[in-house]
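Visitor: have a look at this prediction, sequence included:
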Number of protein chains: 4
Amino acid sequence: MDTQSVIELLESRGVTVREVASIVLRLQQPYNASLTLADCEESVRHVLGKREVQYTLHTGIALDIMAERKQLPEPLQSILERDESLYGVDETLALGITSVYGMIGLTSFGYLDKEKIGIIRKLNEDHRRIHVFLDDLVAGLAAAASARIAHRGGESAGSAKLRRPDA
Amino acid sequence: MDTQSVIELLESRGVTVREVASIVLRLQQPYNASLTLADCEESVRHVLGKREVQYTLHTGIALDIMAERKQLPEPLQSILERDESLYGVDETLALGITSVYGMIGLTSFGYLDKEKIGIIRKLNEDHRRIHVFLDDLVAGLAAAASARIAHRGGESAGSAKLRRPDA
Amino acid sequence: MDTQSVIELLESRGVTVREVASIVLRLQQPYNASLTLADCEESVRHVLGKREVQYTLHTGIALDIMAERKQLPEPLQSILERDESLYGVDETLALGITSVYGMIGLTSFGYLDKEKIGIIRKLNEDHRRIHVFLDDLVAGLAAAASARIAHRGGESAGSAKLRRPDA
Amino acid sequence: MDTQSVIELLESRGVTVREVASIVLRLQQPYNASLTLADCEESVRHVLGKREVQYTLHTGIALDIMAERKQLPEPLQSILERDESLYGVDETLALGITSVYGMIGLTSFGYLDKEKIGIIRKLNEDHRRIHVFLDDLVAGLAAAASARIAHRGGESAGSAKLRRPDA
């Protein structure tokens, strides 16, 4: 399992690193005018390199795919088909992604999941497929990549000593 | 320690149950047209009756008050005075409130903390006082009260058997 | 979806309410000598009545069952077959159960998952089936039911006024 | 704010990096026989280099110190003096440390907080001071440092390609 295969998995579900990066840019540019799309892509790729992020994406997307193929046991199959508003397992899973850069990503996650910017909206409006998990997971991924940029900005502003390669 | 004293504590910091309830109404009315401000006030009071919510509010507000009085040890005093954007302890604490009605409240919390509706905005713009914790805690409280209403709506719609007094 | 069907789902995977209750009794008896197994069973049933707990159990157990039937897409199928020690999605899901009674259940969850008391150990040693999720979910369930009892004990000790039916 | 000042803060409260590392060694040695105390010290220092970990430690320890000096507003002062078993803010804060290496650290945190190994036990039995927060924070720190070691072991075992300097 590596970063490239999780990127391919996302692409097979209609999500590119660039689209996630453009959400990150929109979230972080107000705080950092010199930020580029390439910086944001690098941050998304870095988050996608984390093992627990890869595991979480594989699990959530597998559930979406099996729901599409009507392979899930009931009552789970019906719950995911209806995209039950009280079903919170998708948000819980996303927390496992958001939290890799600390609790600071929590706010951005909730905001994105409600505002449904960019690819998150497209996933939500794609009625040919089931994306119960994927929209939350993409929101979590964008939130984590944003938090990573925020941490680095803070650090470089605060103290050169703290500008570590492993923030 | 009881619900009334935590309500008085909130009022002493400029937050009324009614103002929190009006945020809840704004969040939940799209899903439930017959919802009233009184329903939302009842839900906020219910959340405020939970012991861990009371403990969390007492702790966060104590930190705000002591920061105002410059009684905190350094470097914490300076961090709170600057309302450091990377300081995430306020969001972590709010999680302790939001989660009393499950993970479903997480999204609303993030949204509110970013959009700063109603009293949350007022707290944020009040420069005579320090509200590093309180704006997050109020967002958490409104999110939990919204989640509680969402759960009850879902339950009554789904099955009368599930309409419990203790959702 | 109701409490009875989730109890039947647990039984089909080898877990009874009584076995979960006996873990709760072991955790809480040191603090409350008059506690009975029947009290603990009632608390487990109460937690199982929560919608998000039901959703979480249905999701996690579906993943276990599909892994057993080799129906999951790769690489997820292989990860669950190996019960990869770094796979943390099961713990993340359990957090969705534990947190319904606040953060206080967190400690008990971690303790149970490490010590593997009673039915949790049996699940772990059952090599005919896959229980990647179920052992964590049962630990989460027992932790939540324990936290609920702790809250009520604290409340009745503290103030009769607080002894609510909906703690 | 830097790693050295948070190490000095911990030492002023009776906790050394070496003592935390010895807990990490005890947790991880069963899985990795060649692990040394120096490896564990390095991991603890790495976790202590994270900004959100530093912020969390400064906040929790400030609350302990102010409780000792009887400087907290009531009812918080009395709650911390009694070390109220239902007070869960200390566990919530610890979650902010544990989660920097993903949810995998959650189990170890709960286990340590219940079993109170090494310095955690000493803090708990020190009746001259108040350590409501510190014992949880040290458990969170040891859990995060353990999770970091587990992640690296898994990675190097799994694939050399994944052995990154910034796991």
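Guide: Right, received. Where do you want to start?
Visitor: for whichever helix in chain A runs longest, which positions count as buried?
Guide: Among the segments of chain A that qualify as a helix by DSSP state H, the longest is helix A:134-158. Neighbour-count burial for helix A:134-158 flags A:134-155 (criterion: 16 or more other C-beta atoms under 10 Å in any protein chain shown). Placement of C-beta: from N, CA and C, glycine included.
Visitor: all strands of chain A, in order?
Guide: Here chain A has no strands by DSSP state E.
Visitor: would you map the helices across it?
Guide: Secondary structure of chain A (DSSP H): helices at A:3-12, A:17-28, A:37-48, A:51-68, A:76-82, A:89-98, A:105-115, A:119-125, A:134-158.
Visitor: who touches the fifth one?
Guide: Residues outside helix A:76-82 that contact it (C-beta atoms under 8 Å, 6 or more residues apart in numbering or on different chains) are A:63-64, A:67, A:70-72, A:87, A:130, A:132, C:1, C:55, C:58-59, C:62.
Visitor: now do stretch A:136-144
Guide: A:15, A:20, A:23-24, A:27, A:44, A:47-48, A:53, A:56-57, A:60-61, A:90-91, A:93-98, A:100-101, A:105-109, A:112-113, A:119-120, A:123.
Visitor: what pLDDT, on average, does stretch A:124-144 get?
Guide: What stretch A:124-144 shows for mean pLDDT is 91.
Visitor: how far does it sit from the chain's center?
Guide: Centre-to-centre, stretch A:124-144 and its host chain are 8 Å apart (C-alpha atoms, centre = their mean, to the nearest Å).
Visitor: also stretch A:104-120?
Guide: Per C-alpha atoms, centre = their mean, the centroid offset for stretch A:104-120 relative to its chain is 9 Å.
Visitor: wait, does that stretch contact chain B?
Guide: Yes - on the criterion C-beta under 8 Å from any C-beta of the partner chain, stretch A:104-120 is in touch with chain B at A:I104, A:L106, A:T107, A:S108, A:F109, A:G110, A:Y111, A:L112, A:D113, A:K114, A:E115.
Visitor: in chain A, which residue sits nearest chain B?
Guide: A:G110 (1.5 Å; C-beta to the nearest C-beta).
Visitor: relative to chain C, how far out is the closest residue to that residue other than its chain neighbours?
Guide: Closest residue in space to A:G110, ignoring its immediate chain neighbours: B:G110 at 1.5 Å, by C-beta to C-beta, 6 or more residues apart in numbering or on different chains. Counting by C-beta to the nearest C-beta, to the nearest Å, the separation of B:G110 from chain C is 16 Å.
Visitor: so what's B:G110 up against?
Guide: A:L106, A:T107, A:S108, A:F109, A:G110, A:Y111, A:L112, A:D113, A:K114.
Visitor: make it 6 Å
Guide: A:L106, A:T107, A:F109, A:G110, A:Y111 (C-beta atoms under 6 Å, 6 or more residues apart in numbering or on different chains).
Visitor: among those, which one sits closest to chain D?
Guide: Nearest to chain D among the contacts of B:G110: A:L106, at 10.3 Å, using C-beta to the nearest C-beta.
Visitor: isn't the closest one up against B:E91?
Guide: Yes - with contact defined as C-beta atoms under 6 Å, A:L106 counts as touching B:E91 (5.2 Å).
Visitor: which residues of chain A lie near chain B?
Guide: A:86, A:88, A:91-92, A:102-104, A:106-107, A:109-111, A:113-114, A:154 (C-beta under 6 Å from any C-beta of the partner chain).
Visitor: next, work out how far apart A:E81 and A:E125 are.
Guide: Distance, A:E81 to A:E125, using C-beta to C-beta, to the nearest Å: 16 Å.
Visitor: give me the neighbour count for A:E74.
Guide: 11 (other C-beta atoms under 10 Å in any protein chain shown).
Visitor: model confidence at it, what's the number?
Guide: So A:E74 comes in at 92 (pLDDT).
Visitor: residue nearest the centroid of chain A?
Guide: A:L141 (2.2 Å; C-alpha atoms, centre = their mean).
Visitor: from C:I79, how far out is that residue?
Guide: 19 Å.
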